[in-house]
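1. sequence first, then the predicted structure, then my questions.
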Amino acid sequence: MSSPENPDLALKEFTFEENKGTLHSLTVSIPEVLDPQYGMYVWPCAVVLAQYVWTQQEKIQHKTVLELGAGVSLPGVVAARCGAAVILSDSAELPRCLDNCRRSCEANGLRGVSVVGLTWGEVSPDLIALPLLHVILGSDVFYEPEDFENVLVTVSFLLRKNPEAQFWTTYQERSGDWSIEALLHKWRLSCRFVPLDAFGAQGSQIARSALPGSHTIQMMVITARETEQLRK
């Protein structure tokens, strides 16, 4: 459904079904902008991550959640609707993406959600000033290989500042030659893969939305290595 005020803007709805321990479903509206910047519409990874957030809603209620590279912010919006205190972020160099974060909040009646410009790989005053975090979200942030290390520099900084936090991330396999394994080792991070069928995301249609195209998506939980060792 397009907006009469902005013909380049379309609202897309996603409905997350009841799951164990919940008594309701959840529908969120996400504004997509017809724009060549890839942060301006919903990619399949975002839907898969949002589904995981939905199934973990009891764990994130009243917790502080940061979404990195939020773009249209579907996972962050779902987290906020599930009762988390959410901070949305995208590159400080992409003000239109930050505007779209705010637009997604407005479309879902969310007030009090902060939107912050955070550029991957930069330890900025805004990054340092973030409050205590419990969960960090990132969908398809491993999109361009030249960004991989900058993403993990930021994630490593946040996980060491917040030792109990976890980074929940989804990525789409685009090349067998692309890997973050060496970078995870370099930045002393541990990774655990979560099977998609463990949270109802194994199909081609999630949240009553058909995921376009052919794709293989992986779901990972990343933690600081020292924290992971203490949990064993």
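-> Looks like it arrived, so ask away. Numbers count the residues shown, from 1 in each chain.
2. and the closest residue to M40 other than its chain neighbours, how far is that from V153?
-> Using C-beta to C-beta, 6 or more residues apart in numbering and skipping the chain neighbours, the partner closest in space to M40 is V33 (4.2 Å). From N, CA and C alone the C-beta is placed, and that goes for glycine too. Distance of V33 to V153, given as C-beta to C-beta, to the nearest Å: 29 Å.
3. run a quick neighbour tally on the residue nearest to M40.
-> Using other C-beta atoms under 10 Å, V33 has 19 other residues around it.
4. how close does it sit to S179?
-> For V33, the distance to S179 (C-beta to C-beta) stands at 32 Å.
5. just C97 next, same as before
-> For C97, the distance to S179 under the criterion C-beta to C-beta works out to 27 Å.
6. the two: who's more crowded?
-> Set side by side, C97 and S179 give different neighbour counts by other C-beta under 10 Å, the larger being at C97 (26 against 12).
7. retrieve the pLDDT associated with that one.
-> Reading off the confidence values, C97 has pLDDT 88.
8. please renumber so the chain begins at 257
-> In the new numbering, first residue 257, that becomes C353.
9. okay, buried residues for whichever strand or helix holds V409 please.
-> Per DSSP states H and E: V409 is located in helix 404-417. Using 16 or more other C-beta atoms under 10 Å as the burial criterion, the residues of helix 404-417 that qualify are F404, E405, V407, L408, V409, T410, V411, S412, F413, L414, L415.
10. as a markdown table, those with distance to Q307 and pLDDT would be great.
-> Conversion of the buried residues of helix 404-417 to a markdown table gives the following (distance: C-beta to C-beta, whole Å; pLDDT from 0 to 100):
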| residue | distance to Q307 | pLDDT |
| --- | --- | --- |
| F404 | 24 | 95 |
| E405 | 28 | 96 |
| V407 | 22 | 97 |
| L408 | 24 | 97 |
| V409 | 28 | 97 |
| T410 | 24 | 97 |
| V411 | 21 | 98 |
| S412 | 26 | 97 |
| F413 | 28 | 97 |
| L414 | 23 | 98 |
| L415 | 23 | 98 |
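11. which of those sits closest to V342?
-> When the buried residues of helix 404-417 are ranked by distance to V342 (C-beta to C-beta), L414 comes first, at 14.9 Å.
12. and the nearest residue to that closest one once chain neighbours are set aside, bridged to which residues?
-> Nearest-residue entry for L414: I392, 5.8 Å, with adjacent residues in sequence omitted and distances by C-beta to C-beta, 6+ apart. When bridges are assigned using DSSP bridges, the partners listed for I392 are L322, F423.
13. how about Q474?
-> Bridge pairing for Q474 - DSSP bridges - gives Y427.
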